[in-house]
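Trainee: Sequence below, structure please.
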Amino acid sequence: MFKDVAPKPKPGGVKRARKFRREMTLPEVLLWRVLRERPDGLKFRKQHPSGNCTLDFYCGDARLAIEIDGEAHSRGDRPVRDAVRDAWFAQFGIETMRIPALEVLRDLDSVVRGIVANARSRLPLHHPTAPGGPPPRDKLGEEF
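Mentor: Just a heads-up that it's a prediction; the model follows:
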């Protein structure tokens, strides 16, 4: 079982995240242009500080971290470090979705569809956009 609460940022984490927001890579900028529009009603955050890390993108409702991995993530000790980091987040019920930066540049629409599908599959049933969840309030016959 995982811990119920997402990890709080460590001291300096918010400042570091703000710096990363100003220095996003081209694939991150392209993806953020789409995710900021709340596809399928899902809210995403960019450069979200959590624990000792800063997540590239995070959907809190789905407990889904999206990491855009450049070529450096496949070299040296980086794959091991990434696996340890992903396992640490998994303790909190946060799944990490790793997407190669090249894939974002090649087929952004497909990447977004994959992110949205993964996020929707992880939503709690009471979430308004969850598959099989309750209908929106205006569809219940209630008038406001």
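
Trainee: so how far is residue 62 from residue 105?
Mentor: To residue 62, residue 105 is 24 Å away according to CB to CB, to the nearest Å. Every residue, glycine included, has its C-beta placed from N, CA and C.

Trainee: quick one: which of these two has more around it?
Mentor: More neighbours surround residue 62 than the other of residue 105 and residue 62, with 25 against 13 (other CB atoms under 10 Å).

Trainee: Doesn't that one lie inside a strand?
Mentor: No - read with DSSP: H, G, I helix; E, B strand; the rest coil, residue 62 is coil and lies in no strand.

Trainee: For it, give me its contacts.
Mentor: The contact partners of residue 62, taken as CB atoms under 8 Å, 6 or more residues apart in numbering, are 42, 118, 119, 120, 122, 123.

Trainee: Output these in CSV; the columns should cover secondary structure, distance to residue 31 and pLDDT.
Mentor: Formatted as CSV, the contacts of residue 62 follow (DSSP: H, G, I helix; E, B strand; the rest coil; distance: CB to CB, whole Å; pLDDT from 0 to 100):
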residue, secondary structure, distance to residue 31, pLDDT
42, coil, 13, 94
118, helix, 14, 96
119, helix, 13, 95
120, helix, 17, 94
122, helix, 18, 92
123, coil, 20, 89
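
Trainee: Most neighbours among the residues you listed, which one is it?
Mentor: For these, the largest neighbour count, defined by other CB under 10 Å, is 24 neighbours, found at residue 119.

Trainee: And stretch 87-100, what's buried?
Mentor: Across stretch 87-100, burial judged by 16 or more other CB atoms under 10 Å covers 88, 89, 94, 95, 96, 97, 99, 100.

Trainee: Mind jotting down where the helices sit in this structure?
Mentor: Secondary structure of the chain (DSSP state H): helices at 13-22, 26-35, 78-90, 101-106, 108-122.

Trainee: Contacts for the shortest one, please.
Mentor: It stands for helix 101-106. The set of residues external to helix 101-106 that reach it, using CB under 8 Å, 6+ apart, is 25, 26, 27, 30, 31, 68, 69, 70, 71, 110, 111.

Trainee: Identify the farthest-apart pair in the residues you listed.
Mentor: For the contacts of helix 101-106, the farthest-apart pair by CB to CB is 71 and 110; their separation is 19.9 Å.
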